[in-house]
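1. how would this look folded up:
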Amino acid sequence: MTNPGKILTVIILLQAFPARPVLIAQGIEKDKVRDSVICRDDNRQSYALYCPAGYVETRSWPLVLIFDPGANGAAGVDPFVEAGRRYGFILACSNNSRNGPMQNNLDAAAAVLRDIQERFIVDGRRIYVAGFSGGSRFAMTLAVMDGKISGVIGCGAGLPNDRNFFPQENAGFFYFGIVGSRDMNYQEMLALPDFFSNRSHVISYIRTFPGGHQWPSSKLVTEAVEWLVMKSMDRKIIPDDPLFRSYLENKTKKLIDGNISSGNLVGAVRYMTFAERDFRGSPFGSHMEVLLGKYQNSSEYKKAIRARNRIMSDESGSRQKYMNYLGEILKSQVVPDSAFAWWKNEVSTLTELRDKGNADKSAMAYRILNFISILCWEEGTNVYSYRLYAHAAFLFGICTMSDSENPNTWYYLARSLAKEGKTTKAVDALYSAVKHDLKSREKIESDPAFDSIRGNTRYKALIGKMR
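-> Residues are numbered from 1 along each chain as shown. As a prediction, the model looks like this:
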């Protein structure tokens, strides 16, 4: 359980910006990404950093604190650099925060914030948090915990895993969500605006793109930052800029026109809805209101919504079916012989739909396959820790079907099979891991899971071929 005292400490750190830093960007090169800045008061913590070229000590600067699910600070900062350079944002991403225990992430966030406060003049009214996947969920957690955070850029995942950190009525930060149409969290992200409006004062915007579960492009991240800049103008935190607003109007129009021309009326209406709200009171906002009414009442849009809802319903039903089926297997003492064949048939059907179905059904199949991979990976890791190696091998075996190009799925299947005493199959899986670009000989040789198969001739041959 998360320690309430620790949470309070982090909240205080988020709010307590000193009048003047101890060190003003000491040793930090401007307009460059530095992969590892060591925190001065805790050398176990570090972060990747970007300082904008125009940084001076005579004014305060906005900050985006970023969280990557794998504790890769440079990977988290990289998509934000274009926006940071263009709009003058300090960017920092922890090298310690990762998917895992909440307290570790709270400690990492606190350490990075303290260090940033010492090095830079930060605008306390423009502190933003961002993240991808589990890092996105943690970013929202921080925004809920601390009222000083102005906005969240959430990528590939929405609400925190702990319902205690869901936004409540007093929450009023801005939220810009970005999600791929093939991401298993696609439905969750699309539902966020209604969720926010029903229980909080969070103002949100959801941007989709044709991709999977991944950090979005710098172009999309820049759109998110631009939206937050506009919201700062709305709240009179920074001076209004009519030229900037006109630029965003034109950009929004192109986005909506592109969705209409490609036949994505559901997406077009979603962006019209956001535009009517964001530009309300302007000629462009009035135009959006008229256009929105026209399309919402059209038979084409109503038909598209019905088709979209059927897809979403089918997807939800499939996910529930797979969770129920896995739950029954995990309760059993042994894995039924028929289980793997059943999953093979299911994954084969989804793969064919992914590769040969229409655009909407293909995207749905991608999302379900991603869901299966994540579900089986998490459950496989869990049962492996309890030494239920047959169950772990079964789950990682499903992963190799639903995510066949990932070397780690084959590697963890090999570990489970080796522990289960199935030497030949374990070595086969290791060969597949190497075939799919697993390159670390040291990783294999140092893994005690493979101690029982080190004498195998084929294992020795495989290791001998690796550098």
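
2. For A110, see how far away G154 is.
-> Separation of G154 from A110 (C-beta to C-beta, to the nearest Å): 21 Å. Quick note: C-beta positions are derived from backbone N, CA and C, even for glycine.

3. before we move on, what about Y50?
-> 20 Å.

4. neighbour-wise, which of those two wins?
-> Y50 (24 against 20; other C-beta atoms under 10 Å).

5. Now do the same contact list for that one.
-> Going by C-beta atoms under 8 Å, 6 or more residues apart in numbering, Y50 touches D31, K32, V33, R34, V77, F80, V81, G84, R85, I90, L91, A92.

6. And stretch 281-301, what's buried?
-> Neighbour-count burial for stretch 281-301 flags F284, H287, M288, E289, L291, L292, Y295, Y301 (criterion: 16 or more other C-beta atoms under 10 Å).

7. from these, which is closest to S416?
-> Y301 (49.0 Å; C-beta to C-beta).

8. just checking, that closest one touches V269?
-> Yes. If you go by C-beta atoms under 8 Å, Y301 and V269 touch, sitting 6.1 Å apart.

9. OK, contacts around the nearest residue to R467 once chain neighbours are set aside?
-> Setting aside the residues directly before and after it, R467 is nearest to R441 in space (C-beta to C-beta, 6 or more residues apart in numbering), at 6.3 Å. By C-beta under 8 Å, 6+ apart, the contact set of R441 is I463, M466, R467.

10. CA atoms of stretch 131-151 as PDB?
-> What follows is stretch 131-151, C-alpha atoms only, in PDB (Å, rounded to 0.1, in the frame of the first residue of the first chain):
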ATOM      1  CA  GLY A 131       4.000   9.700 -20.100                       C
ATOM      2  CA  PHE A 132       3.500   6.700 -22.200                       C
ATOM      3  CA  SER A 133       1.700   3.500 -21.200                       C
ATOM      4  CA  GLY A 134       2.200   2.900 -17.500                       C
ATOM      5  CA  GLY A 135       4.100   6.300 -17.400                       C
ATOM      6  CA  SER A 136       0.900   7.900 -18.700                       C
ATOM      7  CA  ARG A 137      -1.100   6.400 -15.900                       C
ATOM      8  CA  PHE A 138       1.400   7.600 -13.300                       C
ATOM      9  CA  ALA A 139       1.400  11.100 -14.900                       C
ATOM     10  CA  MET A 140      -2.300  11.400 -14.300                       C
ATOM     11  CA  THR A 141      -1.800  10.100 -10.800                       C
ATOM     12  CA  LEU A 142       0.500  13.000 -10.000                       C
ATOM     13  CA  ALA A 143      -1.900  15.500 -11.600                       C
ATOM     14  CA  VAL A 144      -4.700  14.100  -9.300                       C
ATOM     15  CA  MET A 145      -2.500  14.200  -6.300                       C
ATOM     16  CA  ASP A 146      -1.300  17.800  -6.800                       C
ATOM     17  CA  GLY A 147      -3.400  20.700  -7.800                       C
ATOM     18  CA  LYS A 148      -0.400  22.700  -9.000                       C
ATOM     19  CA  ILE A 149       0.000  20.600 -12.200                       C
ATOM     20  CA  SER A 150      -1.600  22.400 -15.000                       C
ATOM     21  CA  GLY A 151      -1.900  19.600 -17.600                       C
END
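
11. Now do it: distance to the chain's middle.
-> Stretch 131-151 has its C-alpha centroid displaced from the chain centroid by 12 Å (C-alpha atoms, centre = their mean, to the nearest Å).

12. What residues sit buried inside that stretch?
-> So stretch 131-151, judged by 16+ other C-beta under 10 Å, has buried residues 131-146, 149-151.

13. and these, which of them are in strands?
-> In this view, these that belong to strands under DSSP state E are G131, F132, G151.

14. quick one: V81 and C93 touch, right?
-> No. Using C-beta under 8 Å, V81 is not in contact with C93, being 11.0 Å away.

15. which one of the two has more residues nearby?
-> Per other C-beta under 10 Å, whichever of V81 and C93 has more neighbours is C93, with 29 against 19.

16. Can you name the helix or strand that that one falls in?
-> C93 belongs to strand 90-94 when assigned by DSSP states H and E.

17. And L106, by the same measure?
-> Assessed by DSSP H and E, L106 sits inside helix 102-119.

18. Kindly report the same for T400.
-> Under DSSP H and E, the secondary-structure element containing T400 is helix 389-402.

19. How many neighbouring residues does S262 have?
-> 11.

20. List the backbone torsions phi and psi for it.
-> The phi/psi pair for S262 (degrees, to the nearest 10) reads phi -90, psi 0.

21. Make residue 1 into 690 and carry on from there
-> Shifting the count to begin at 690 puts that one at S951.

22. average pLDDT across stretch 1024-1037?
-> Averaged over stretch 1024-1037, pLDDT sits at 94.

23. can you pull the buried residues of that stretch?
-> Result for stretch 1024-1037 [16+ other C-beta under 10 Å]: buried residues V1024, A1028, W1032, E1035, V1036.

24. do stretch 772-779 as well
-> A772, G773, R774, F778, I779.

25. Could you export those as a markdown table, including pLDDT and distance to A1122?
-> Formatted as a markdown table, the buried residues of stretch 772-779 follow (pLDDT from 0 to 100; distance: C-beta to C-beta, whole Å):
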| residue | pLDDT | distance to A1122 |
| --- | --- | --- |
| A772 | 98 | 37 |
| G773 | 98 | 37 |
| R774 | 98 | 39 |
| F778 | 98 | 40 |
| I779 | 98 | 40 |
